[in-house]
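J.: dropping a prediction and its sequence here:
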Amino acid sequence: MWEVDKGTIPYEGDDIVNGCNEIYTAMKGWGSDKKALTSVLYSKTPTERYLIAKKYEKLYDETLYNRLKGELSGAYGRVMKLLSLPSEEAEAKMVRDALKGLGAREHLLFPILGARSNGDLTLLKKAYFKRYDRDLGKDLSNSLSGDFCQLMVMCAQGLEENFDPETIHNEERILEDMEIFYKAGEGKWGTNESKFFRILCISPPEHLKAVDVAYTKKYGNTMKKAVTTQLGGNAEDAAVYIVSVKLGDTPDIIASEIKKRTKGVGTDEEGLMNFIIRLIVVPDLFRSILSAHEKLFNKTLEKRISSEVTGNFEDILLKLVAYGRGADYE
């Protein structure tokens, strides 16, 4: 999507037109052929789904999203609608859905906004404005509160520095940030959240790893442990997520977050589908998360899905997971 944003349109083959025709036929007449729709959309790469959505509108003078919206409902319908959108527009919708209504569903936000590259965040903010004519930062500020609001707004700003070990992220800066982090958290009565969060957001992963080593050596505590002792609630969950990703524990933390979506009474269907739809576009990462999930919980993601959901929703999620396991696109 970075390439598309710069004006490079992927090559469109005959299979794209065929895909559009199959989708149109599956929704023609009384009722939709859900098995046919699932078969078309789950088996496409992100690039192919992007091209199908663009071509469908040209062929039938209606967006694929709107057509699916008129035909499908429930959790299954939401998965299919998200699959009909380019990746950054799908994420924009996930964020908007989490902010809509009475009370934001905060746990849906930090996996999308936390520890993302500046380039990803720029595309996401542009997609959000294009789709909803709203500023993402303002919507976050208006819908959230407290420490969590402060952290999510910082994340959305895309503050992470480019790693420069020679002139910026040298030994002096490592020690300086270590002390700022300590004094903002464990080293004072009450946490200075703005300084605490700023270190997490501006630090490139390579630098934060060095700060964590120095912090652990001097204070006998990891930065992740410091986060858990100084924060609580969703702010703690979000900060732990960001630290974990930047320190290289991405598979384990995401596998744990997926498990949380099925913990307790009732399954968080929206959170579960958000993770799967977002992760299958990065197959190598997805496969490492599948392995981590099985290692941590002695259970495959497929078994977790089948024990929690049923029907067409179960079918599409299982097919997406299977496709992600074998995907060979970049």
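T.: That came through fine.
J.: element containing the spatially closest residue to residue 299 that is not a sequence neighbour?
T.: Nearest residue to residue 299 in three dimensions, chain neighbours excluded: residue 293, at 7.2 Å (CB to CB, 6 or more residues apart in numbering). C-beta: built from backbone N, CA, C; applies to glycine. Under the criterion of DSSP states H and E, residue 293 resides in helix 283-297.
J.: helices or strands next to that helix in the packing?
T.: helix 250-260, helix 269-279, helix 301-308, helix 311-326 (3 or more CB pairs under 8 Å, 6 or more residues apart in numbering; DSSP states H and E).
J.: who's in contact with that helix?
T.: Applying CB atoms under 8 Å, 6 or more residues apart in numbering, the contact partners of helix 283-297 are 250-252, 254-256, 258-259, 279-280, 299-301, 304, 321, 324-325, 327-329.
J.: one more pass at 10 Å, please.
T.: 45, 249-259, 275-276, 278-280, 282, 299-304, 320-321, 323-330 (CB atoms under 10 Å, 6 or more residues apart in numbering).
J.: ok, of these, which come out buried?
T.: 45, 249-258, 275-276, 278-280, 282, 301-302, 304, 320-321, 323-324, 327 (16 or more other CB atoms under 10 Å).
J.: what residue ranges in the stretch 51-200 of the chain score low on pLDDT?
T.: Applying pLDDT under 70 to the stretch 51-200 of the chain flags residues 102-103, 189-190.
J.: which residues in it form helices?
T.: Assigned by DSSP state H, counting those that start in this stretch, the stretch 51-200 of the chain shows helices spanning 64-71, 74-83, 87-99, 110-113, 118-132, 136-143, 146-156, 171-184, 193-202.
J.: separation between residue 107 and residue 79?
T.: Between residue 107 and residue 79 the computed distance is 19 Å (CB to CB, to the nearest Å).
J.: those two: who's more crowded?
T.: residue 79 (27 against 18; other CB atoms under 10 Å).
J.: picking up where we left off before, list the buried residues in the helix holding residue 293.
T.: Buried residues in helix 283-297 (16+ other CB under 10 Å): 283, 286, 287, 288, 289, 290, 292, 293, 294.
J.: can I get the residues you listed in TSV including distance to residue 7 and pLDDT?
T.: Shown next, in TSV, are those (distance: CB to CB, whole Å; pLDDT from 0 to 100):
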residue	distance to residue 7	pLDDT
283	26	92
286	29	97
287	32	97
288	33	98
289	33	98
290	35	98
292	37	98
293	38	98
294	42	98
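J.: centre-most residue in this protein?
T.: residue 112 (3.4 Å; CA atoms, centre = their mean).
J.: quick check: that one touching residue 94?
T.: Yes: between residue 112 and residue 94 there is a contact under CB atoms under 10 Å: 5.9 Å.
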